[in-house]
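> Mind looking at a prediction? Sequence and model below.
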There are 4 protein chains.
Amino acid sequence: MTAPRAPIEVREFPVPELPQGGALLRTAFSEVCGTDVHLWHGRLAGVPYPIIPGHVTAGVLERSRGQARAIDGTAINEGDRVVFFDVHRTCGRCMACTVNRTPTRCASRRVYGITDSATEGLFGGWSQAVYLEPGVVLAKLPDAVSFEDYIGGGCGLLTAVHGIERASIQLGDTVVVQGTGAVGLSLIALARIAGAGTIVAIGAPADRLALASRMGADAVLDVERTTPEERLQRLSDLTQGQLADVVIEAAGSAHAIEEGPNLARNGGRYVIVGHYTNVGDSRINAHEQINRKHLDIRGCWGSEAGHFLRALRILERHARQVPWNEIGAKTYGLHDLNAALAEAEAFTVPKALVEPNRSR
Amino acid sequence: MTAPRAPIEVREFPVPELPQGGALLRTAFSEVCGTDVHLWHGRLAGVPYPIIPGHVTAGVLERSRGQARAIDGTAINEGDRVVFFDVHRTCGRCMACTVNRTPTRCASRRVYGITDSATEGLFGGWSQAVYLEPGVVLAKLPDAVSFEDYIGGGCGLLTAVHGIERASIQLGDTVVVQGTGAVGLSLIALARIAGAGTIVAIGAPADRLALASRMGADAVLDVERTTPEERLQRLSDLTQGQLADVVIEAAGSAHAIEEGPNLARNGGRYVIVGHYTNVGDSRINAHEQINRKHLDIRGCWGSEAGHFLRALRILERHARQVPWNEIGAKTYGLHDLNAALAEAEAFTVPKALVEPNRSR
Amino acid sequence: MTAPRAPIEVREFPVPELPQGGALLRTAFSEVCGTDVHLWHGRLAGVPYPIIPGHVTAGVLERSRGQARAIDGTAINEGDRVVFFDVHRTCGRCMACTVNRTPTRCASRRVYGITDSATEGLFGGWSQAVYLEPGVVLAKLPDAVSFEDYIGGGCGLLTAVHGIERASIQLGDTVVVQGTGAVGLSLIALARIAGAGTIVAIGAPADRLALASRMGADAVLDVERTTPEERLQRLSDLTQGQLADVVIEAAGSAHAIEEGPNLARNGGRYVIVGHYTNVGDSRINAHEQINRKHLDIRGCWGSEAGHFLRALRILERHARQVPWNEIGAKTYGLHDLNAALAEAEAFTVPKALVEPNRSR
Amino acid sequence: MTAPRAPIEVREFPVPELPQGGALLRTAFSEVCGTDVHLWHGRLAGVPYPIIPGHVTAGVLERSRGQARAIDGTAINEGDRVVFFDVHRTCGRCMACTVNRTPTRCASRRVYGITDSATEGLFGGWSQAVYLEPGVVLAKLPDAVSFEDYIGGGCGLLTAVHGIERASIQLGDTVVVQGTGAVGLSLIALARIAGAGTIVAIGAPADRLALASRMGADAVLDVERTTPEERLQRLSDLTQGQLADVVIEAAGSAHAIEEGPNLARNGGRYVIVGHYTNVGDSRINAHEQINRKHLDIRGCWGSEAGHFLRALRILERHARQVPWNEIGAKTYGLHDLNAALAEAEAFTVPKALVEPNRSR
């Protein structure tokens, strides 16, 4: 990606020399997520174009200098299937990292596929090989998890693991998920895995809602064919008037913010995890929607190494029951990336995958 | 108060017969709070006019049937200075009371001065005597606390104790309080008592800001003479660009809601405790103000017996240093209540007090 | 149960007259839990013998005076399958109920089968009919849940729901459960339902461990055939040396308390929920087991209406996958209760059930 | 300190060359804390003797290579009074640092005065100059805080700030502090600053209890002249039988652990922060002291940069009211360090200070 709105170019780079502790990954899959579309639209500040996009990526360890190790200390050897946490640096010393304990807001945070120029190295997954710099958090992909499962979850799964943590789901809680994109679909599955009672998904279109049901939703409401009043009524009917203990926003729409608090019970929680870009303002009534409701609203930004590790544990146990591999429905080679971006821009599939080493 | 907007009438009632466990309080002071103005404007639904207003009230125990006891078990005797928690009934059995642990949202909640008709008994403080029904949470006013201190804090102090609980203040936190009415002033004092570092108050007019300083604010910003941008800049200067760990809204204005999140640091907390009535919508940007900020927003409704008890403990220890008695600046007898309401409506004093037994 | 250690006697009582809001339940099943054995041993203070034991109980609504309603407001009619929360009164006004928010420690707490004399009414499940006094928290048993599922979970399930709440399980957490009695078995199932990763059960004998596996444990360790050092080593092997994020004690043994902290990781949680009676002291090293480990230890007493409600929601969704009905393996009629108590005392089955209306 | 139990030797080292971002501090004061006595007794594993002890230290910036900056970004210049966080490295990548969020348990943690050999550089405060390596968390000592205030608080104050965070003190809480050493005395002051109600200190001897009162205790109990039963009775009398909401252990005695839970109310918190070395086992009754009490016990290890920063904010605001400077009562030069250690070993003063640059 050489510049905003410019066509993706395929370039060749020399094989990097590895420092002690560094490694090289032969890419199996990377993904096109919403952030990549924003990158292409030039909506993120300070991006050092040209970049190699692709932050969440999986592959096979091709070479390492020194014994590679997973975050939990287990050895990783050449030929192992490997995944890594895309945030490769936070400073560990600033107010955000230490005092405020919000490492996702560290000003020095570096993320594969976003913050590093292609001139600095192979820091992105839309490439046949990815440079794993010393200190990157690594893990072996568990045997029970296919590349397709992992990349189907992808960055949306990590975002969703953080969102579920912020949601503090208790056993039997009624949960509403607004949005049936990659993040919303993972949230539905994770809410079910976390012991929720009734789960209601709000989204569109019909095939996405069908997938939402397969991910674990008990009821699905088409946001394009129902009014907010009808959705509130439906939720009320499903819960004997109690409404939702937890509502999680993963829709990225200003309207969702206006509707969400109304779906939560008094003293409930509303987690906002879908607004990774600015889509405009929402109108909120502080008296009716927050103060009198005694509502908790919790923003949720980025993810941490712990969310990456928990995502792997969850996939290991549940990937056979939960169709994460259906999220990444369509796969593109390096020479089709402009089509992949167009598809992602148009939301026609939940997620487009990138398979840089496939024979064309 | 016979009906919305009707003049207050002074009526005589027979001395009530007391059931076992009931008591009669000779009123020293009650107050005119914002809720009383709302009652007079007819903005609360389901109020059984005629009512005797006055929810937070202090007095002397005139008579009890059976030994009266404080919530902690100590005996209360005739002649003792007594205060009581104004929420005299919650059901203890509904979803709100038990499952959701939000007793302030119990549908059966009964509050002195608001929910009980004058035809049912002396359930309000704008009366020479108040009936204390069996089970009301009672306490002796500590010797170190004057009636003026207690009623100066009044219902705003209880609201503020709950607000501070929701704010989870840590030692040294920077705190912004929006609003310098009765609730805001108590919040400033309580934030200081809870170990805050820098405290910044935003309000008006000048004499209220001067009182805010005496309550414990390190800096005061006149909301009428500064722009939101100037206030943000000032806060940034005071905190080396770190902004506030906690912002607490006690202004009751739609603009305050729009400004508040901008004053909080990433990962901070925003407590909304000032919107006890609907003043219209606010415009919020979910991306910039909540999601990317990783912000917690916490609505806070009503107060519980624990907040009442903690308020007394705080007054006992701090009433000599903190000028709570200056909040209740002006006192009215029963025959001047229409003037008191007019004064409260016009916000000319932080709080008007009612002294039903004073000689005129 | 006329007195400690005395044989159980079968007595007849008149059919009670119902006050407004009261109801009568025709008992399907009650249970013999550990508390009943303690009652029989006379180990609980202040029990008003003679009593009708049996606190958790299920049956069919035989008669009600006025429309009976579940806690969420749904109507309950004669002939419906009904369950109720066994804590039928807390005061709602004391320090425990309000200020400290620990209603399970309310001094006025009344529990079916324990705190009410048989002379006062049918307050226990070892009876063909149970009196449901006005205000008891009721619920319909969901259609998907059999009486056997519900009573197999029984009071151990409610205790376990509270224990899991105290454990704050995060997705993918490694969990150790000490004890494979009725509480431990439910904890295993609930940890799985709450999204735990690896679950390790410690208990005995072999058939109980086999049931622990069916409830959801990934690994089981026989407490009688392994040493604490072997168990620690095994856990370490299973977790790449990371140990458990959460350890939950449901063994009721002093040794379990000594071992538990060693199984938790630094900064982990240790929930103690199995010591409902005094079995003697444990030796703890505060430096190694608490302070340096930065460990959280959380005692957990009794359960609240919310835990009852959540238990029902969980049973509704999971009773087909989780063999709760295998916990209550053996059933007794009213005339076999001495045998049932002997069996419970000897721990030969996870739980003995009582079926008062069965034809002999 | 060349080896355990060996006399302290005074050695000369060359002035270090500074890398980019490094700095040199001219020491004003360091301290002799309990850890230094443990180091001298050889009770910590893996210490690379010879070492320069002295972890918490204050001084004047003598020289820096590149602009030195405080953690909040403010510039620090030569001649400024400077303090630094003694934990100079954690890895930021291991399970403890990221997944478990317990950086004080990072296996790579490096602490001035403990983990670095004197052969590696001036990594301790018992030296005329201290090397501040790049990345050390720095701060200017606020103008209102004297060196004596800061070092009087010293490492005990940082430990206490973390302990108070773990204690979750609410406004008006009754707090018991076990122990009146450097940590206990700071805990008393911080509990008061955090808004506690009644504070009771348990310790000895008489002059230490007198200092405890000046730090903010309402009542002091001499642990050598009262029995545990008498102390429980006294606490009960002071609290109308309610006991303490929070008990904090800073005594480092096995007996304190046995007594502490009895002083807490049902549902209260017990923070264990005084067992930095192994003094043997304690006997605990899980039924009476944890399970039935529904007690939270929270171990607390080390401190983080945030605690360091909060300590400075607190000192800035409260050092004039709280006599922290009285804790560091006695001062020693480099040639008297053996006497200082002996004094610290014998507990004859709350804390011995080290003043390396004083003229003898």
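Looks like it arrived, so ask away. Computed from a predicted model, the values in this text were never measured in an experiment.
> Just give me the neighbour total for residue A:327.
28 (other CB atoms under 10 Å in any protein chain shown). Backbone N, C-alpha and C define where each C-beta goes, glycine included.
> And the residue nearest to it when sequence neighbours are not counted, which helix or strand is it part of?
Counting by CB to CB, 6 or more residues apart in numbering or on different chains, residue A:152 is the residue found nearest to residue A:327 once chain neighbours are left out, at 4.2 Å. If you go by DSSP states H and E, residue A:152 is part of helix A:147-167.
> That helix - contacts with which helices or strands?
strand A:23-32, strand A:57-64, helix A:182-193, strand A:244-249, strand A:264-272, helix A:305-318, strand A:328-332, strand A:351-354 (3 or more CB pairs under 8 Å, 6 or more residues apart in numbering or on different chains; DSSP states H and E).
> Where do the helices of the stretch 1-150 of chain A begin and end?
Applying DSSP state H, counting those that start in this stretch to the stretch 1-150 of chain A gives helices spanning A:34-41, A:147-167.
> For these, please prepare a markdown table with the additional fields mean neighbour count and mean pLDDT.
Shown next, in a markdown table, are the helices of the stretch 1-150 of chain A (neighbours: other CB atoms under 10 Å in any protein chain shown; pLDDT from 0 to 100):
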| stretch | mean neighbour count | mean pLDDT |
| --- | --- | --- |
| helix A:34-41 | 20 | 89 |
| helix A:147-167 | 26 | 96 |
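> In the stretch 251-360 of chain A, where is pLDDT below threshold?
A:360 (pLDDT under 70).
> does residue A:122 really touch residue A:129, like I thought?
Yes. Residue A:122 lies in contact with residue A:129 (CB atoms under 8 Å); the separation is 5.8 Å.
> out of those two, which sits in the more crowded spot?
Between residue A:122 and residue A:129, residue A:122 has the larger neighbour count (other CB under 10 Å), namely 23 against 19.
> Phi first, then psi, for that one.
The phi/psi pair for residue A:122 (degrees, to the nearest 10) reads phi -80, psi 70.
> try residue A:222
According to degrees, to the nearest 10, the main-chain angles of residue A:222 amount to phi -80, psi 120.
> and the nearest residue to it once chain neighbours are set aside, what pLDDT?
The shortest distance from residue A:222 to any non-neighbouring residue, by CB to CB, 6+ apart, is to residue A:204 (5.3 Å). Note on residue A:204: pLDDT of 96.
> can you list the residues of the stretch 1-150 of chain A near chain C?
Within the stretch 1-150 of chain A, the positions adjacent to chain C are A:72-74 by CB under 8 Å from any CB of the partner chain.
> So which residues on the stretch 251-360 of chain A come close to chain B?
Remark: the part of the stretch 251-360 of chain A in contact with chain B comprises A:254, A:257, A:265-268, A:272-288, A:290-301, using CB under 8 Å from any CB.
> Mind giving me the ChimeraX select for the residues you listed, buried ones only?
Only the buried entries of those go into this ChimeraX selection, using 16 or more other CB atoms under 10 Å in any protein chain shown:
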select /A:254,257,265,266,267,268,272,273,274,275,276,277,279,281,282,284,285,286,287,290,291,292,293,294,295,296,297,298,299,300,301
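> List the ones among the residues of the stretch 251-360 of chain A next to chain B that fall in helices.
In this view, these that belong to helices under DSSP state H are A:254, A:257, A:286.
> How many neighbouring residues does the residue lying closest to residue A:121 once chain neighbours are set aside have?
Nearest-residue entry for residue A:121: residue A:131, 4.8 Å, with adjacent residues in sequence omitted and distances by CB to CB, 6+ apart. Other residues near residue A:131 come to 25 when the count uses other CB under 10 Å.
> try residue A:303
As a burial measure, residue A:303 scores 24 neighbours (other CB under 10 Å).
> Please report how far it lies from residue A:163.
Residue A:303 sits 9 Å away from residue A:163, taking CB to CB, to the nearest Å as the criterion.
> quick one on the thing from earlier: overlap in contacts of residue A:122 and residue A:129?
By CB atoms under 8 Å, 6 or more residues apart in numbering or on different chains, residue A:122 and residue A:129 have these common neighbours: residue A:24.
> Of all the residues in the stretch 101-250 of chain A, which one is nearest chain B?
Going by CB to the nearest CB, chain B is nearest to residue A:102 of the stretch 101-250 of chain A, at 3.6 Å.
> Not counting residues beside it along the chain, what's closest to that residue?
residue B:267 (3.6 Å).
> and what of residue A:305?
Leaving out its chain neighbours, the residue that sits closest to residue A:305 by CB to CB, 6+ apart is residue D:98, at 3.9 Å.
> The one you found is in contact with residue A:303, isn't it?
No. Between residue D:98 and residue A:303 there is no contact under CB under 8 Å: 10.9 Å.
> Where does the stretch 101-250 of chain A get nearest to chain D, which residue?
Taking CB to the nearest CB, the stretch 101-250 of chain A has residue A:135 as its residue nearest chain D, at 5.8 Å.
> Neighbours of that residue, how many?
13.
> For it, what are phi and psi?
Main-chain dihedrals, residue A:135, degrees, to the nearest 10: phi 100, psi -10.
> Next, the contact list for the residue nearest to residue A:121, please.
The contact partners of residue A:131, taken as CB under 8 Å, 6+ apart, are A:16, A:18, A:22-25, A:121-123.
> Between which two of these is the distance greatest?
The most widely separated members of those are A:18 and A:123, with 14.1 Å between them, by CB to CB.
> In terms of neighbours, single out the busier of the two.
residue A:123 (26 against 17).
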